[in-house]
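In: Provided below for reference: sequence and predicted model.
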Amino acid sequence: MEKITPVYILSGFLGSGKTTLLQRLLKFWQDKGLRPAVIMNEIGDVNLDGLLVPGEVPMAEMLGGCICCTIRGDLSVQMAELISAEKPDLVVIEATGAGNPLEIFDAVTEVSLYLKLEIKPMITVVDAAHLAGLHDSQKGKTYRLMLEQIRCGSVLILNKIDMIGEERQREMTDLLHKLNPYAQIVPAVNCEVDIPGLISGHRPGPELHDPRFEQEEGQANHQAGGEAHENEHEYEYEQSMDEHQREHQHEHKHEHAHEHQHQHDHEHEHQHKHQHEHDHTHASHEHVTVYTHYFDGPVDSEEFERFIAELPREVYRGKGVLTFTDTASRFLFQYAYREADYLKITPQGEVPDVAVFIGEHFDRDLIARRLQELERKHA
Ligand SMILES: Nc1nc2c(ncn2[C@@H]2O[C@H](COP(=O)(O)OP(=O)(O)OP(=O)(O)O)[C@@H](O)[C@H]2O)c(=O)[nH]1
């Protein structure tokens, strides 16, 4: 029988920790002797996260748009090539943080018409501090997108809890539970989580302990059925999620994907229909601005840090590879929700000095000018 390839989708807002989680997952599978493959989707034109994936892991890159709209059609081609050339035991898709999770889920489901895939429950990484900040302001497209990502996850990793206090963590956990009562919520720092529990799909974290899952460790996801279920509602939901996925695939086969029966989350249903009714060329993240800067030469590290500290608030994600005038090594720089991080790297092959900034309607010229100033000082 033709092999069925499990597909894991990592969703989560820009800079929440998806690549950090991906690295842990890859190591876990490799330690088990499995061969994972990765599809990385970046809204910018360069894939810097790819530098953090071990060289032996086959990787397909989908750059310059999001799977959920502009480059949706490429997914089946990439997936088919990856599976036939590399024969991986599983595929992980790291979606762009700006992507609409339901549409990404849909795009993958469409691919499963051509290829034998087992779509695993979506894992959403939530930046605890960013969620807390947005929750206080309660507005903006970013907040709405984050809410959608939360609603779509079967597992929610509440990451970066080192950046919020205990009280805030309790509030955010309650908020996640309210937004998505069915998901497993896993608090984490640097996405350090119990991976077997995570990928089994619905094993609860300690705060949602439920004895009915205890025998299920290591089993495939969606085995709900036949066991004594203490909480009938949750059981029904899991079953319905399973049905939801099957129906979804089925519906696509019959080319009328607009109706599906998800009994427990009418809001989802509404959003889902709504999105299908739109032309997919409309980007759910058309408010997202990307600026990619290729450096002419090295810049001073302190000046660069100052530039980062002064970035406009509308820029919520930055990353790049840099050569500084005053350091021996090159650095991978990361900026997410006002926190910057520099990691020494020795890239394999040709990697230019480049920085990508992603945000909501920010002034790209301003960023370009500031970086050119830094370059000129050391030309
Ligand atoms: N303080 C703190 N920083 C973290 C944690 N997890 C990840 N980070 C940092 O956050 C930054 C972004 O992490 P990534 O794993 O690259 O996030 P991402 O979701 O893949 O980012 P995009 O691909 O741009 O969407 C990096 O600098 C990480 O080191 C955490 O738990 N606490």
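Out: Nice, I can see it.
In: ok, now how distant is residue 24 from the ligand?
Out: 10 Å (CB to the nearest ligand atom, to the nearest Å). In short, each C-beta sits where N, CA and C put it, glycine included.
In: phi, psi of that residue?
Out: Backbone torsions of residue 24, given as degrees, to the nearest 10, read phi -70, psi -40.
In: need the three-state assignment for residue 320.
Out: In three-state terms, and counting by DSSP: H, G, I helix; E, B strand; the rest coil, residue 320 is strand.
In: not counting sequence-adjacent ones, nearest residue to it?
Out: In space, and not counting its chain neighbours, residue 320 is closest to residue 355: 3.1 Å by CB to CB, 6 or more residues apart in numbering.
In: how near is the one you found to residue 291?
Out: 8 Å (CB to CB, to the nearest Å).
In: got a list of what residue 52 touches?
Out: Neighbouring residues of residue 52 by CB atoms under 8 Å, 6 or more residues apart in numbering: 19, 22-23, 332.
In: farthest pair within the residues you listed?
Out: Farthest pair in those (CB to CB) is 22 and 332. Separation: 14.9 Å.
In: more neighbours: which of the two?
Out: Neighbours were counted for residue 22 and for residue 332 using other CB atoms under 10 Å; residue 22 has more, 24 against 19.
In: which helix or which strand is home to the more buried one?
Out: Assigned by DSSP states H and E, residue 22 belongs to helix 18-31.
In: tell me what that helix is packed against?
Out: With contacts taken as 3 or more CB pairs under 8 Å, 6 or more residues apart in numbering; DSSP states H and E, helix 18-31 sits against strand 5-12, strand 36-41, strand 90-94, strand 123-127, strand 155-159, helix 195-199.
In: can I get these in a markdown table with mean pLDDT, distance to the ligand and mean neighbour count?
Out: Conversion of the helices and strands packed on helix 18-31 to a markdown table gives the following (pLDDT from 0 to 100; distance: least, CB to the nearest ligand atom, whole Å; neighbours: other CB atoms under 10 Å):
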| stretch | mean pLDDT | distance to the ligand | mean neighbour count |
| --- | --- | --- | --- |
| strand 5-12 | 92 | 5 | 23 |
| strand 36-41 | 93 | 8 | 24 |
| strand 90-94 | 94 | 7 | 25 |
| strand 123-127 | 95 | 6 | 28 |
| strand 155-159 | 96 | 5 | 27 |
| helix 195-199 | 90 | 15 | 19 |
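In: those: which one's closest to residue 315?
Out: Of those, nearest to residue 315 by CB to CB is strand 123-127, at 15.1 Å.
In: may I have the helix or strand following that closest one exported as CSV, CA atoms only?
Out: Per DSSP H and E, the first helix or strand lying C-terminal to strand 123-127 is helix 128-137. What follows is helix 128-137, C-alpha atoms only, in CSV (Å, rounded to 0.1, in the frame of the first residue of the first chain):
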residue,chain,number,x,y,z
ALA,A,128,2.5,35.1,25.8
ALA,A,129,3.8,38.7,26.2
HIS,A,130,2.5,39.7,22.8
LEU,A,131,-0.9,38.2,23.5
ALA,A,132,-1.0,40.0,26.8
GLY,A,133,-0.1,43.3,25.2
LEU,A,134,-2.7,42.9,22.4
HIS,A,135,-5.3,41.7,24.8
ASP,A,136,-5.0,44.9,26.7
SER,A,137,-5.5,47.0,23.6
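In: buried residues in helix 128-137?
Out: For helix 128-137, a neighbour-count test (16 or more other CB atoms under 10 Å) marks 128-132, 134 as buried.
In: is that helix anywhere near the ligand?
Out: No. Applying CB under 6 Å from any ligand atom, one finds helix 128-137 separated from the ligand by no less than 7.9 Å.
In: so what's the residue count around residue 339?
Out: The burial count for residue 339: 14, using other CB under 10 Å.
In: turn the buried residues of helix 128-137 into a markdown table, columns for pLDDT.
Out: Shown next, in a markdown table, are those (pLDDT from 0 to 100):
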| residue | pLDDT |
| --- | --- |
| 128 | 95 |
| 129 | 92 |
| 130 | 90 |
| 131 | 92 |
| 132 | 91 |
| 134 | 87 |
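In: want to try a markdown table for these, with distance to residue 166 as columns?
Out: Shown next, in a markdown table, are the buried residues of helix 128-137 (distance: CB to CB, whole Å):
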| residue | distance to residue 166 |
| --- | --- |
| 128 | 12 |
| 129 | 14 |
| 130 | 18 |
| 131 | 16 |
| 132 | 13 |
| 134 | 20 |
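In: what ranges do the strands span in this structure?
Out: 5-12, 36-41, 59-62, 90-94, 117-119, 123-127, 155-159, 184-187, 288-294, 315-323, 330-336, 339-345, 354-360 (DSSP state E).
In: adding distance to residue 195, write the ones you listed out as JSON lines.
Out: Shown next, in JSON lines, are those (distance: least, CB to CB, whole Å):
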{"stretch": "strand 5-12", "distance to residue 195": "11"}
{"stretch": "strand 36-41", "distance to residue 195": "12"}
{"stretch": "strand 59-62", "distance to residue 195": "20"}
{"stretch": "strand 90-94", "distance to residue 195": "12"}
{"stretch": "strand 117-119", "distance to residue 195": "18"}
{"stretch": "strand 123-127", "distance to residue 195": "11"}
{"stretch": "strand 155-159", "distance to residue 195": "11"}
{"stretch": "strand 184-187", "distance to residue 195": "10"}
{"stretch": "strand 288-294", "distance to residue 195": "31"}
{"stretch": "strand 315-323", "distance to residue 195": "25"}
{"stretch": "strand 330-336", "distance to residue 195": "22"}
{"stretch": "strand 339-345", "distance to residue 195": "22"}
{"stretch": "strand 354-360", "distance to residue 195": "28"}
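In: this completes my enquiry, with thanks.
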